[in-house]
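*Asks:* this one's structure only:
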Ligand SMILES: [Fe+2]
Ligand SMILES: [Fe+2]
């Protein structure tokens, strides 16, 4: 099973895309996820909400950058973001209604797995395109 702290420890080897803004946001995301996943019951919903806001901004910035550089597979990549935000919203609502352990397990297992797959596929594809376009215009 993947573990967020492991992902942080192996960030450069497996998740670094070489686009500094994207890498910075992804590292922030992992730290916020660790904080939320390990937070006490009384502050769990707050940390989930912070993580949710961070994800909204993260995806918005990523999509803006992809649009600016006319990255391929833009629509599919955006659909991945939209779909996971919908699932996350459900867990935020669930946590607010007291289903904290369910949301916590989702963060620790499914969301980490999603990040691992999404970053290594869609984000790295977008990053390669952005780097290629930047080097052309340098
Ligand atoms: Fe993405
Ligand atoms: Fe991303």
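*Replies:* Cool, the structure landed. Because the structure is predicted, anything quoted here is derived from the model rather than measured. Ligands and ions are numbered 1, 2, ... in the order given.
*Asks:* and this structure, which of its residues are near ligand 1?
*Replies:* 62, 123 (CB under 5 Å from the ion). All C-beta atoms are positioned from the backbone trio N, CA, C, and that covers glycine.
*Asks:* switch the cut-off to 8 Å
*Replies:* 58-59, 62-63, 77, 80-81, 118-119, 122-123, 126 (CB under 8 Å from the ion).
*Asks:* look through the chain and tell me its longest helix.
*Replies:* Using DSSP state H, we find that the single longest helix of the chain is helix 41-68.
*Asks:* against which helices or strands is that one packed?
*Replies:* Here helix 41-68 touches helix 20-37, helix 74-96, helix 100-106, helix 124-137, going by 3 or more CB pairs under 8 Å, 6 or more residues apart in numbering; DSSP states H and E.
*Asks:* and the angle from the first one to helix 124-137?
*Replies:* Taking axes from the mean of the first three to the mean of the last three CA atoms, to 10 degrees, one finds that helix 20-37 is oriented at 150 degrees with respect to helix 124-137.
*Asks:* other SSEs contacting helix 20-37?
*Replies:* By 3+ CB pairs under 8 Å, 6+ apart, helix 20-37 packs against helix 4-9, helix 41-68, helix 112-118.
*Asks:* mean pLDDT, distance to residue 25 and mean neighbour count added to these, as JSON lines?
*Replies:* Listed next are these as JSON lines, based on pLDDT from 0 to 100; distance: least, CB to CB, whole Å; neighbours: other CB atoms under 10 Å:
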{"stretch": "helix 4-9", "mean pLDDT": "89", "distance to residue 25": "14", "mean neighbour count": "16"}
{"stretch": "helix 41-68", "mean pLDDT": "97", "distance to residue 25": "5", "mean neighbour count": "16"}
{"stretch": "helix 112-118", "mean pLDDT": "97", "distance to residue 25": "12", "mean neighbour count": "16"}
